[in-house]
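Trainee: The following block contains a protein sequence and its predicted model.
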Amino acid sequence: MSDLPIKATLKAGSDFSAPWLTVDAATPEELEQRLYTLANGSALAAVVEAANVLKAANNAAPLLPSGAEAQAPAAAPAAPAQPQGWGAPAAAAQPAQQAGVVLHPTDVCPVDNQRVQEKVITSKKNGKTYEMWVCPNQRTRGDGHYSEFKN
């Protein structure tokens, strides 16, 4: 927890499962600069990506046999050797590919530049299975993120 006097909490949704981020600053000007840096960099997308990875790992945890988590190799990315300051440009985040996820060989989402991935859906109405390429950050149909049915 920070001892700085000004704190802003950014939340991506209304429930507790939504990713959130806190920003601390000593002055209103510093808070404004930090929020501007977040809004114009890739840090917010990295927070959402990390939250999605954590959620997936948590959802898969009941499927692992007892003690399997201790045997699984660590997939955490290496920490940068030199910490980046708030004003320093962020390096482009490379999302780690999750097990079982099929990425499109070339297509990326025009909204957030994420590689699109395969999604298989079974219709509740007719029982048919459909295959699509979708952006991993798409939340609702028509939200601007890439989605296209496979042929």
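Mentor: Received the coordinates, thanks. Note that the structure is predicted; figures quoted are calculated from it, not measured.

Trainee: which residue is nearest the centroid of the protein?
Mentor: Glu49 (1.3 Å; C-alpha atoms, centre = their mean).

Trainee: where does this structure have low pLDDT?
Mentor: 1-2, 17, 60-99, 151 (pLDDT under 70).

Trainee: Check which residues of the longest helix seen in it are buried.
Mentor: Counting residues, the longest helix in the chain under DSSP state H turns out to be helix 43-60. Within helix 43-60, the residues scored as buried using 16 or more other C-beta atoms under 10 Å are Ala43, Leu44, Ala45, Ala46, Val47, Val48, Glu49, Ala51. (Glycine included, C-beta is placed from N, CA and C.)

Trainee: CA-only coordinates of that helix in PDB, if you can.
Mentor: In PDB, the C-alpha atoms belonging to helix 43-60 read as follows (Å, rounded to 0.1, in the frame of the first residue of the first chain):
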ATOM      1  CA  ALA A  43      -0.400  -0.800 -19.500                       C
ATOM      2  CA  LEU A  44      -4.200  -1.000 -19.300                       C
ATOM      3  CA  ALA A  45      -4.300  -3.700 -22.000                       C
ATOM      4  CA  ALA A  46      -1.600  -5.600 -20.100                       C
ATOM      5  CA  VAL A  47      -3.700  -5.400 -16.900                       C
ATOM      6  CA  VAL A  48      -6.700  -6.900 -18.700                       C
ATOM      7  CA  GLU A  49      -4.500  -9.600 -20.300                       C
ATOM      8  CA  ALA A  50      -3.000 -10.500 -16.900                       C
ATOM      9  CA  ALA A  51      -6.500 -10.600 -15.400                       C
ATOM     10  CA  ASN A  52      -7.700 -13.000 -18.100                       C
ATOM     11  CA  VAL A  53      -4.700 -15.300 -17.600                       C
ATOM     12  CA  LEU A  54      -5.300 -15.300 -13.800                       C
ATOM     13  CA  LYS A  55      -9.000 -16.000 -14.400                       C
ATOM     14  CA  ALA A  56      -8.200 -18.900 -16.700                       C
ATOM     15  CA  ALA A  57      -5.700 -20.400 -14.300                       C
ATOM     16  CA  ASN A  58      -8.300 -20.100 -11.500                       C
ATOM     17  CA  ASN A  59     -11.000 -21.700 -13.600                       C
ATOM     18  CA  ALA A  60      -8.600 -24.600 -14.500                       C
END
